[in-house]
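Engineer: Here is the input, now give the coordinates:
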Amino acid sequence: MAYIGQAPTPLPLTATDIPDLPATKITSGTFPALNGSNLTNLDASDLTGTLPAISGANLTGITANAGTKSFGAYRSDNNASDLTNGDNSELVFNAEKHDDDGLYNVSNGRYTPGVAGIYYVSAHVTVNDINGTGDDLYLKFCISGDVSTVANSQTRYAGGGSNFTDVHASASIKLTNNSDYISVFIYQDAGGSRKPQANLSWFYGFRLS
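Structural biologist: Modelled structure (predicted):
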């Protein structure tokens, strides 16, 4: 018996009342979603993490785009253009280990995910003849070629007599525009004829969220 002022007992909702979701991974298209009091469309590329959903009688997850947009590139030879003495040089890693979505350009060294978000990138470069005590070598990541701002995860090595020098940098970088790209720059002041070495210089990245 229900009494005046008593909330009615809710009817039980079972998994059979909710249609099955497609078994394939959803990576594109739009989905209806509530934005405040308004019904709007949510683009699949904006989804992050794993979203719970009912599939048949089981609670499952829809995997979103975190961990996608991955690439791996490297230098396949020592014949890259000299690293300009006393200036920032944008590095080109001219060969790829993987790049399923075609987001890295082996001609200009630029990683363009095509979607605003947060990305993890890592680079390692071996350079010849950074060996004077006054020689400097900086490895850095820049967004859309802007070297005028503080670089993302800049590292520095000061020469100390080695024929070859290794520098490594990694960063979590937020891209705010779909057209943004990430590339690797080196600043060195050791002189001319400095080059990234084949198979010892690489650049990797993927989407975090």
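
Engineer: Check which helices and strands the host helix or strand of residue 72 sits against.
Structural biologist: Under the criterion of DSSP states H and E, residue 72 resides in strand 71-74. In this structure, strand 71-74 makes packing contacts with strand 95-98, strand 202-207, judged by 3 or more Cβ pairs under 8 Å, 6 or more residues apart in numbering; DSSP states H and E. In this view, the C-beta of every residue, glycine as well, is placed from N, C-alpha and C.

Engineer: show me what contacts residue 110?
Structural biologist: 104, 181, 182, 183 (Cβ atoms under 8 Å, 6 or more residues apart in numbering).

Engineer: now do residue 149
Structural biologist: Going by Cβ under 8 Å, 6+ apart, the list of residues near residue 149 reads residue 142.

Engineer: And the pLDDT at it?
Structural biologist: For residue 149, the pLDDT comes out at 76.

Engineer: Make 388 the first number, not 1, from now on.
Structural biologist: From this message on, residue numbering opens at 388, which makes the last subject residue 536.

Engineer: How much space separates residue 536 from residue 550?
Structural biologist: 33 Å (Cβ to Cβ, to the nearest Å).

Engineer: Out of the helices and strands packed on strand 458-461, which one sits most buried?
Structural biologist: strand 589-594 (a mean of 22; mean count of other Cβ atoms under 10 Å).

Engineer: Across the sheet, point out what pairs with residue 491.
Structural biologist: Residue 491 has these beta-bridge partners by DSSP bridges: residue 498.

Engineer: My read is that it contacts residue 456, right?
Structural biologist: No - with contact defined as Cβ atoms under 8 Å, residue 491 does not reach residue 456; the gap is 9.8 Å.

Engineer: list residues touching both of those two?
Structural biologist: residue 592.

Engineer: Which parts of whatever helix or strand residue 507 lives in count as buried, going by neighbours?
Structural biologist: Element membership for residue 507 (DSSP H and E) is strand 504-515. The neighbour-count check on strand 504-515 (16 or more other Cβ atoms under 10 Å) flags 504, 506, 508, 509, 510, 511, 512, 513, 514, 515 as buried.

Engineer: And for stretch 455-464?
Structural biologist: Here stretch 455-464 shows 455, 456, 457, 458, 459, 460, 461, 462 as buried, counting by 16+ other Cβ under 10 Å.

Engineer: out of the residues you listed, which one sits closest to residue 500?
Structural biologist: Among these, residue 456 lies closest to residue 500 (Cβ to Cβ), at 4.7 Å.

Engineer: and the closest one, helix, strand or coil?
Structural biologist: coil (DSSP: H, G, I helix; E, B strand; the rest coil).

Engineer: Surely it touches residue 595?
Structural biologist: No - between residue 456 and residue 595 there is no contact under Cβ under 8 Å: 9.9 Å.

Engineer: and for these two, which residues touch both?
Structural biologist: In contact with both residue 456 and residue 595: residue 506, using Cβ under 8 Å, 6+ apart.

Engineer: Break this structure into its domains for me.
Structural biologist: 402-450, 458-594 (automatic domain parsing).

Engineer: Tell me if residue 573 really is in a strand.
Structural biologist: Yes - counting by three-state DSSP, residue 573 is located in a strand.

Engineer: partners of it in the sheet?
Structural biologist: Going by DSSP bridges, residue 573 forms beta bridges with residue 526.
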